[in-house]
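Trainee: how would this look folded up:
(one chain, ligands or ions: 1)
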Amino acid sequence: MNTRIFNPPFPPANLDEDPQETAEWREAFNAVVLQHGAERAGFLLDQLVALAHQNQLDWSPELVTPYVNTIAVDVQSPFPGDLAIEEKIASLMRWNALAMVARANAAYGELGGHIASYASAADLFEVGFNHFFHARNQHHGGDLVFFQPHSAPGVYARAFLEGRLNAQDLAHYRQELSAPKAGARGLSSYPHPWLMPDFWQFPTGSMGLGPISSIYHARFMRYLSHRQLLDCSQRKVWGVFGDGEMDEPESMSALTLASREKLDNLVWVVNCNLQRLDGPVRGNGRIIDELEKLFRGAGWNVVKLIWGSDWDGLFARDTSKRWFAPLPTRWTGKCKPSPPRMGVLTAITSLAKTPSLPNSLKA
Ligand SMILES: Cc1ncc(C[n+]2csc(CCOP(=O)(O)OP(=O)(O)O)c2C)c(N)n1
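Mentor: As a prediction, this is how the structure comes out:
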């Protein structure tokens, strides 16, 4: 039972016509959480929402949760691997991916290729590869994984470290036609099973096709299991997609199908790096909130991961929750982060200049 209580600041006086009454309601609610737990508190809230709806109060609860990680530090499971080694390996992959794309372009300037997508997704991929994605073996049919298309260089970099690709292969990134003459295999720009049948499961280069396809695959796996045609009960479908990719109509159009069919064999990881590569960037530093609303509204469970563990110490020292809790409200589209954490750094830097910031938070 999660009985932590965080009291957000009271609303400003001009927005609250009866602060005394507000305080009493809050106190009563906190008491329920502490004494009877989150489930009971949720039940009561459901009752109130039903009352409001039945009386046509023209009000709905906010779908956005606070701008913090959904799983709080103190309820996180211990990391099941060796973080230091995994970080080091991810750094090697980032470097190799960068070197591969840069070398290909030094030789043929028109080749193109992306480096920043994988740079931001590397840790997400690595956690997937090391701890979640299940390979096919005698006892398991294997998971299905849809990779963020422009991150392909990182998957090649990983395959190189695993010995599945060699240096000659990496030297033929985006050069599938000339590669065989050099005794190498060419590496396609984006995941593509037709060009690399033993490497990629799904083509995802056309943004939006990966997301919708992952939903229908998850549903079909359920269908196979339910009709006892194939046991897919242990198999999952994973998708790592870009925040820009969520703008594609195909990405969104089957979201409610997934929740209606209760596809808990499907997990999407949306890499909100606010980059959108060569696409138009909206002035929206709050894309995570925007997507949270959309997904929750469509009936999905949403787990937000916003702050890396490097921030844990700083947040823990902010016991009043006064300094960092309002941080997101300082956000503007101007904080377009590139690299991803710059927006946060900008906000924290401006906070650090606040004269009343306690010394304990200045270090
Ligand atoms: C259907 C489609 N339209 C346009 C493109 C061209 N395109 C390639 S990457 C990109 C932006 C990707 O943004 P995002 O999903 O946020 O990924 P990231 O910035 O992390 O690479 C666009 C528009 C594409 N690949 N597919």
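
Trainee: and residue 348, what pLDDT?
Mentor: Predicted confidence (pLDDT) for residue 348: 64.

Trainee: in a strand, residue 176, correct?
Mentor: No - secondary structure of residue 176, determined by DSSP: H, G, I helix; E, B strand; the rest coil: coil, with no strand assignment.

Trainee: strands of the stretch 1-150 of the chain, residue ranges please.
Mentor: With DSSP state E, counting those that start in this stretch, the ranges of strands along the stretch 1-150 of the chain come out as 144-146.

Trainee: residues from it in reach of the ligand?
Mentor: Counting by CB under 6 Å from any ligand atom, the stretch 1-150 of the chain comes close to the ligand at 117, 120, 150. Placement of C-beta: from N, CA and C, glycine included.

Trainee: which of those residues has the largest number of neighbours?
Mentor: Among these, residue 150 has the most neighbours (other CB atoms under 10 Å), with 26 neighbours.

Trainee: hmm, back to that, out of the residues of the stretch 1-150 of the chain next to the ligand, which comes closest to residue 320?
Mentor: Of all these, residue 120 has the smallest distance to residue 320: 32.3 Å, by CB to CB.

Trainee: touching, residue 80 and residue 132? I think so.
Mentor: No - checked against CB atoms under 8 Å, the pair residue 80 and residue 132 is beyond contact range at 10.4 Å.

Trainee: who has more neighbours, those two?
Mentor: Comparing residue 80 with residue 132 by other CB under 10 Å, the one with more neighbours is residue 132, at 13 against 9.

Trainee: burial check on the residue in the chain that the ligand sits nearest to, number of neighbours?
Mentor: The minimum distance from the chain to the ligand, using CB to the nearest ligand atom, falls at residue 242 (2.0 Å). Using other CB under 10 Å, residue 242 has 28 other residues around it.

Trainee: same question for residue 324.
Mentor: With other CB under 10 Å as criterion, residue 324 counts 20.

Trainee: where does it sit: helix, strand or coil?
Mentor: Criterion first, three-state DSSP; result for residue 324: coil.

Trainee: ditto for residue 241
Mentor: Residue 241 ends up strand, using three-state DSSP.

Trainee: hang on, it packs against residue 213?
Mentor: No - using CB under 8 Å, residue 241 is not in contact with residue 213; the gap is 11.2 Å.

Trainee: overlap in contacts, the two.
Mentor: residue 146 (CB atoms under 8 Å, 6 or more residues apart in numbering).

Trainee: the two: who's more crowded?
Mentor: The neighbour comparison of residue 241 against residue 213 (other CB under 10 Å) goes to residue 241, with 24 against 19.

Trainee: now do the contacts for that one.
Mentor: Residue 241 neighbours (CB under 8 Å, 6+ apart): 146, 148, 210-211, 251, 268-271.

Trainee: how much space between residue 152 and residue 360?
Mentor: Distance, residue 152 to residue 360, using CB to CB, to the nearest Å: 45 Å.

Trainee: now residue 192: how far from residue 209?
Mentor: 12 Å.

Trainee: same question, residue 45
Mentor: 39 Å.

Trainee: and these two? which has more neighbours close in?
Mentor: Higher neighbour count among residue 45 and residue 209: residue 209, with 18 against 13, using other CB under 10 Å.

Trainee: can you report how many residues lie near the closest residue to the more buried one other than its chain neighbours?
Mentor: Closest residue in space to residue 209, ignoring its immediate chain neighbours: residue 250 at 6.1 Å, by CB to CB, 6 or more residues apart in numbering. Residue 250 is flanked by 16 other residues according to other CB under 10 Å.

Trainee: ok, whichever strand or helix holds residue 250 near the ligand or not?
Mentor: Taking DSSP states H and E as the criterion, residue 250 maps to helix 249-252. No - counting by CB under 6 Å from any ligand atom, the ligand has no neighbours in helix 249-252; the shortest distance is 8.1 Å.

Trainee: centre of the chain versus the helix or strand just after that helix, how much separation?
Mentor: Next helix or strand after helix 249-252 toward the C-terminus (DSSP H and E): helix 255-260. In terms of CA atoms, centre = their mean, to the nearest Å, the centre of helix 255-260 is found 19 Å from the chain centre.
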